[in-house]
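Chemist: Kindly generate the corresponding structure for this input.
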Amino acid sequence: MGIAAMTPRWAQAPKKDKNHRRLCDNLGLFRGLLLNCRATAVTFAAMRLALILLLVGVLAALAPAPPASAQGQGCYADYKAQRTASGGQLQLHYGVIRLRAAACASPPTAARIVARRIAGDGWQLLTVMSTFDDSGLTQRRGNAGQFFLRY
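Modeler: Residues are numbered from 1 along each chain as shown. Model (predicted):
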């Protein structure tokens, strides 16, 4: 029995592979773990981070695009409406309303959407005068008054 056999395992020099890299050892403090080599743990942590970043990128690519109005290409309609107030008095108003981009392409769809939104306050749609984008919004703000983007 030589000196090496009597020396405790923790005092011996670590074993190395053919390329002189330290081999992992399951006899130390982390003996219950299957992989207690720091180099392996660092490699797995880097691979896990790369996988998470890849998944985040894929999910971001597959996420639906924001609506056209959020991209700065708003769709609006100006309209005229009426209602009969208490006492039989007829009230009229002109307003501007925000629509989905698909509704701007179809005047009948725009009219249905506007009529449905203003009906909640008792208004009846007379006509949708026009549909327009962000560029026509500022010139109509003064005329619409309190009904500017109300509905």
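
Chemist: Need the contact partners of stretch 91-99.
Modeler: Here stretch 91-99 makes contact (CB atoms under 8 Å, 6 or more residues apart in numbering) with 69, 74-85, 110, 113-114, 117-118, 123, 126, 131, 137, 140-141, 143-145, 147-151. For every residue, glycine as well, the C-beta is placed using N, CA and C.

Chemist: got it, and stretch 142-151?
Modeler: Residues from elsewhere that reach stretch 142-151 (CB under 8 Å, 6+ apart): 76, 78, 93-98, 114, 117-118, 120-121, 140-141.

Chemist: how about 6 Å then?
Modeler: With CB atoms under 6 Å, 6 or more residues apart in numbering as the test, stretch 142-151 has contacts from 93-98, 117-118, 141.

Chemist: ends of that stretch, how far apart?
Modeler: 16 Å (CA to CA, to the nearest Å).

Chemist: just the helices in this protein please.
Modeler: Ranges of helices in the chain, per DSSP state H, are 3-6, 38-62, 101-105, 107-119, 137-144.

Chemist: Need phi/psi at residue 63.
Modeler: Dihedral pair for residue 63: phi -60, psi 140, per degrees, to the nearest 10.

Chemist: what's the spacing between residue 111 and residue 129?
Modeler: For residue 111, the distance to residue 129 equals 11 Å [CB to CB, to the nearest Å].

Chemist: ok, the two, which is more surrounded?
Modeler: Using other CB atoms under 10 Å, the more surrounded residue of residue 111 and residue 129 is residue 111, with 17 against 13.

Chemist: quick one: low-confidence ranges for this structure?
Modeler: Along the chain, segments meeting pLDDT under 70 span 1-17, 19-42, 65-72.

Chemist: repeat that for 50
Modeler: Along the chain, segments meeting pLDDT under 50 span 68-71.

Chemist: For residue 79, give the beta-bridge partners.
Modeler: Counting by DSSP bridges, residue 79 forms beta bridges with residue 95, residue 128.

Chemist: what about it, how many residues close to it?
Modeler: By the criterion of other CB under 10 Å, residue 79 has 26 neighbours.

Chemist: For residue 149, see how far away it is.
Modeler: Separation of residue 79 from residue 149 (CB to CB): 12 Å.
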